[in-house]
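Asker: 3D, please:
(2 chains, ligands or ions: 8)
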2 protein chains.
Amino acid sequence: DVSVVDSKSSHLTHTFPGFINVAAFVPGVAQLGSTDLAELSKAAVSAGFSTSIVLPIGVGNAIHDRATLELAAANVQGHSYTNYAFSVAATDINLQALDEELQADTKALFIPFKLDGIDTPLSVVAAHLASWPLDKPIVTNAKGQQLASMLLLASLNGRGVHVTDVRDNDDLLLISLSKAKQLKVTCDVSIYSLFFTKEQFPSSAHVPTAKEQSALWRHLDVVDAFSVGPAPYYLAEEMGQKPTPACGIEETLPLLLTAVTTGRLTLEDIRTRLHDNPVLIFGLPDQSQTHVEIVLGRRAPFTNVSTCWTPLENNLVNGFVHRVVFHGQTAYLDGAVSSPPLGKDISSASVSHGPA
Amino acid sequence: DVSVVDSKSSHLTHTFPGFINVAAFVPGVAQLGSTDLAELSKAAVSAGFSTSIVLPIGVGNAIHDRATLELAAANVQGHSYTNYAFSVAATDINLQALDEELQADTKALFIPFKLDGIDTPLSVVAAHLASWPLDKPIVTNAKGQQLASMLLLASLNGRGVHVTDVRDNDDLLLISLSKAKQLKVTCDVSIYSLFFTKEQFPSSAHVPTAKEQSALWRHLDVVDAFSVGPAPYYLAEEMGQKPTPACGIEETLPLLLTAVTTGRLTLEDIRTRLHDNPVLIFGLPDQSQTHVEIVLGRRAPFTNVSTCWTPLENNLVNGFVHRVVFHGQTAYLDGAVSSPPLGKDISSASVSHGPA
Ligand SMILES: [Zn+2]
Ligand SMILES: [Zn+2]
Ligand SMILES: [Zn+2]
Ligand SMILES: [Zn+2]
Ligand SMILES: [Zn+2]
Ligand SMILES: [Zn+2]
Ligand SMILES: [Zn+2]
Ligand SMILES: [Zn+2]
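Answerer: Numbering: from 1, shown residues only, chains lettered A, B, ... in the order given. Ligands and ions are numbered 1, 2, ... in the order given. Down below sits the predicted model:
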């Protein structure tokens, strides 16, 4: 890391490694002909991300077998500005379909809180947890009773689990107690959960209450990663706006860096939660000659490359992405994407970085 | 065990060891001057029980510290027809009060689902679970999310837990999966849960639905013990009747033995769940010269010694307790209690019967 203070203007520049979005939400992920992931990747590279770990559940479609995985891969091949990795969703009928080949071709198993609007049955969760390989990640957005059950099953099976989009204080407490007893559990919170509340957006079911939010900040030591997740997409929709795959991605650094200027976060907090820990949790290959240059402490209105309603409209922010270098090429500079889509599918690439 | 078929009348007599009620519900357990446990014990000995493990939570009162324990003990001293053991309830403020002496003087820690009507906070559950001695039982009536959390914490702390009054299928599944992975979890179901349903008693919150009930029967192999518990007391109240400490106790054998005559249970099922397993789970000293003689297969109206509304009113049952021998004396014979109250406090008596 290199931090430089500009003597003329008293703002700071800093260089990060390329960021990992551990929960990239792609509405049409398994829809024939969807360009959603390509669109997302353009916003992602503009936001400083060099890798997106794709959630397998879109809006009314999901990656849950060989065919849907291949469809998702075909949709984006040659059109992504960042590297990307697919996961596969656990369903009540696909236990057998997740054979060794499919396990090898995906980054993780995603066990969703709900299947088609109803809680995923405990028996389904248990079966998938017992059969997915120990050395490949399992990700879940389980909450409450389901999360407690999943952590119990993970403990009983001696395996790890990554919990995405944690919002509730008790959920965080269970994760914290599990970590204290060496259970291999990790978690992320959605960046929107740290900065927007239900009090601000009463019609939203995708942001926490102010009380929940303050618990998240209080227990940030338990939080391994920051994610984008589905919250920005659904918040835009809940606000009566047309949501897009790019929603919320470019808000990432302006929000987090502004929190650095107010002393709530450090640059190290950002690096560990958007790069170091995601690399370890998901066994990602390190990307050489890939980095992000940011500017901190220059107050300016939030602006973005992509099209989506933003809760930061007309807000002043105190930090932004200046330049993104991807594989030695300038991929983004001061508001414009400046290289062709060179991102690759790294679903099956896996590197052990040793004990987390 | 001795089973004898009476050649003249084609019914069977059988001798069991004295039964253990692992969840004796005493409404006034910690109320000054209460005779509830004495009253319960008279019904208990008539029902074939030689030991009652007392739930520390009554109606608006609880054993939760030294003073309430002593009060409960004084209430019953010299007046119990069976042996009895007290547990102490975990509360949000008594973690420190449960010192080594109190631990030694109680049979178990009871972590209640609810404290004063609200869910026991996870942080309270976690603190008690981490500090109660590993070699003394913890009992809980937790359900759902709370049960999953407790089993997780038990797993993380490498300790056992006994779950009383299991009703829900997912709860049973979690317990079953935990047992399969050698977690030291045991459970009991209330006898009323096996025989009465919400369909029969729509106003009751203390009996399962027919669907839940059939799941309990289907997974009886996971059930370590049968209990009386609070269900009969609250069912009587829900039926607009005056409940007493004796409610539901004498129904135990008539219900279970009738299920033997229809092939749903064996005599061995009853013995393991009302004697063998309770002895192991609670480390109880074995009682010599204590046994229960029952008669099976003689159809007769249900009758009882004690005063309480019964759902078996005017029902024919196919089995009953004939004689109870307690410490070598006939304590009960054909409808009448026939010895003085010789029961002792065995709260601090503990015997290790080896691995369960
Ligand atoms: Zn500058
Ligand atoms: Zn499907
Ligand atoms: Zn790296
Ligand atoms: Zn550079
Ligand atoms: Zn006879
Ligand atoms: Zn109290
Ligand atoms: Zn015995
Ligand atoms: Zn005898």
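Asker: and the closest residue to ligand 7 within the stretch 201-350 of chain A, what is it in contact with?
Answerer: Closest contact between the stretch 201-350 of chain A and ligand 7, by Cβ to the ion, is at residue A:222 (47.6 Å). Where C-beta positions appear, they are placed from N, C-alpha and C, glycine not excepted. By Cβ atoms under 8 Å, 6 or more residues apart in numbering or on different chains, residue A:222 lies in contact with A:172, A:175, A:176, A:179, A:187.
Asker: residue contacts, the first one?
Answerer: Yep, that's residue A:172 we're talking about. With Cβ under 8 Å, 6+ apart, residue A:172 has these contacts: A:166, A:187, A:215, A:216, A:219, A:222, A:223.
Asker: and stretch A:132-146, how far apart are its ends?
Answerer: 18 Å (Cα to Cα, to the nearest Å).
Asker: next, the buried residues of that stretch.
Answerer: Buried residues in stretch A:132-146, defined by neighbour count with 16 or more other Cβ atoms under 10 Å in any protein chain shown: A:132, A:136, A:137, A:138, A:139, A:140, A:141, A:142, A:143, A:144, A:145, A:146.
Asker: how near is the nearest residue to the third one once chain neighbours are set aside to residue B:102?
Answerer: I take that to be residue A:137. Of all residues not flanking residue A:137 in the chain, residue A:108 sits nearest, at 4.0 Å (Cβ to Cβ, 6 or more residues apart in numbering or on different chains). Residue A:108 sits 48 Å away from residue B:102 when distances are taken as Cβ to Cβ, to the nearest Å.
Asker: in the sheet, who's paired with the residue nearest to residue A:137?
Answerer: residue A:87 (DSSP bridges).
Asker: neighbours of it, how many?
Answerer: 26 (other Cβ atoms under 10 Å in any protein chain shown).
Asker: before we move on, what about residue A:158?
Answerer: Neighbours of residue A:158 using other Cβ under 10 Å come to 10.
Asker: go on, residue A:165?
Answerer: Counted with other Cβ under 10 Å, residue A:165 comes out at 25.
Asker: same check, this time on residue A:52
Answerer: 31.
Asker: I figured it hits residue A:86, correct?
Answerer: No: with contact defined as Cβ atoms under 8 Å, residue A:52 does not reach residue A:86; the gap is 9.8 Å.
Asker: now the closest residue to ligand 3 within the stretch 1-150 of chain A: closest residue in space that isn't a chain neighbour?
Answerer: Taking Cβ to the ion, ligand 3 has its nearest neighbour within the stretch 1-150 of chain A at residue A:17, 4.2 Å off. For residue A:17, ignoring the flanking residues on the chain, the nearest one in space by Cβ to Cβ, 6+ apart is residue A:275 at 4.8 Å.
Asker: any idea which helix is longest in chain A?
Answerer: In chain A, assigned by DSSP state H, the helix with the most residues is helix A:144-157.
Asker: near chain B, anything from it?
Answerer: Yes: with Cβ under 8 Å from any Cβ of the partner chain as the threshold, helix A:144-157 lies in contact with chain B, specifically through A:144, A:145, A:148, A:149, A:151, A:152, A:153, A:155, A:156, A:157.
Asker: got JSON lines for those residues, with distance to ligand 3 and pLDDT too?
Answerer: Putting the residues of helix A:144-157 next to chain B into JSON lines (distance: Cβ to the ion, whole Å; pLDDT from 0 to 100) gives the following:
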{"residue": "A:144", "distance to ligand 3": "34", "pLDDT": "93"}
{"residue": "A:145", "distance to ligand 3": "37", "pLDDT": "91"}
{"residue": "A:148", "distance to ligand 3": "33", "pLDDT": "96"}
{"residue": "A:149", "distance to ligand 3": "34", "pLDDT": "96"}
{"residue": "A:151", "distance to ligand 3": "29", "pLDDT": "97"}
{"residue": "A:152", "distance to ligand 3": "33", "pLDDT": "97"}
{"residue": "A:153", "distance to ligand 3": "32", "pLDDT": "96"}
{"residue": "A:155", "distance to ligand 3": "30", "pLDDT": "95"}
{"residue": "A:156", "distance to ligand 3": "33", "pLDDT": "94"}
{"residue": "A:157", "distance to ligand 3": "30", "pLDDT": "93"}
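Asker: filter these to the buried ones?
Answerer: Here, 16+ other Cβ under 10 Å leaves A:144, A:145, A:148, A:149, A:151, A:152, A:153, A:155, A:156, A:157 buried among the residues of helix A:144-157 next to chain B.
Asker: nearest to residue A:249, of those residues?
Answerer: Of all these, residue A:144 has the smallest distance to residue A:249: 28.0 Å, by Cβ to Cβ.
Asker: now that closest one. Nearest residue, chain neighbours left out?
Answerer: Closest to residue A:144 by Cβ to Cβ, 6+ apart is residue B:145, at 5.2 Å.
Asker: so that neighbour is in contact with residue A:142, correct?
Answerer: No: if you go by Cβ under 8 Å, residue B:145 and residue A:142 don't touch, sitting 11.0 Å apart.
Asker: point me to the helix or strand that includes residue A:43.
Answerer: helix A:36-46 (DSSP states H and E).
Asker: which outside residues touch that helix?
Answerer: Contacts of helix A:36-46 (Cβ under 8 Å, 6+ apart): A:21, A:24, A:26-29, A:52, A:54, A:58, A:72, A:75-76, A:79-82, A:84, A:244-246, A:249-250, A:304-306, A:321, A:324, A:326, A:331-332, A:337, A:341, A:343.
Asker: now do the buried residues in it.
Answerer: In helix A:36-46, residues buried by neighbour count (16+ other Cβ under 10 Å) are A:36, A:37, A:38, A:39, A:40, A:41, A:42, A:43, A:44, A:45, A:46.
Asker: pLDDT added to those, as CSV?
Answerer: Converted to CSV, the buried residues of helix A:36-46 look like this (pLDDT from 0 to 100):
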residue, pLDDT
A:36, 98
A:37, 98
A:38, 98
A:39, 97
A:40, 98
A:41, 98
A:42, 97
A:43, 97
A:44, 97
A:45, 97
A:46, 97
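Asker: now render those as CSV, adding distance to ligand 7.
Answerer: Formatted as CSV, the buried residues of helix A:36-46 follow (distance: Cβ to the ion, whole Å):
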residue, distance to ligand 7
A:36, 67
A:37, 67
A:38, 72
A:39, 72
A:40, 67
A:41, 70
A:42, 74
A:43, 71
A:44, 68
A:45, 72
A:46, 74
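Asker: ok, now which ones touch the residue in the stretch 251-356 of chain A that ligand 3 sits nearest to?
Answerer: Proximity of the stretch 251-356 of chain A to ligand 3 (Cβ to the ion) peaks at residue A:286, 4.2 Å away. Applying Cβ under 8 Å, 6+ apart to residue A:286 gives the contacts A:279, A:351.
Asker: need the pLDDT of it.
Answerer: In this model, residue A:286 is scored at 83, pLDDT.
Asker: can you check residue A:306 too?
Answerer: 84.
Asker: residue contacts, it?
Answerer: Here residue A:306 is in contact with A:39, A:42, A:43, A:46, A:244, A:246, A:249, A:250 (Cβ under 8 Å, 6+ apart).
Asker: 6 Å instead?
Answerer: A:43, A:246 (Cβ atoms under 6 Å, 6 or more residues apart in numbering or on different chains).
Asker: now the phi/psi pair for it, please.
Answerer: Reported as degrees, to the nearest 10, the phi and psi values for residue A:306 are phi -90, psi 170.
Asker: same thing with residue A:84?
Answerer: phi -150, psi 150.
Asker: distance of the spatially closest residue to residue A:102 that is not a sequence neighbour relative to residue A:116?
Answerer: Counting by Cβ to Cβ, 6+ apart, residue A:66 is the residue found nearest to residue A:102 once chain neighbours are left out, at 6.0 Å. Residue A:66 sits 20 Å away from residue A:116, taking Cβ to Cβ as the criterion.
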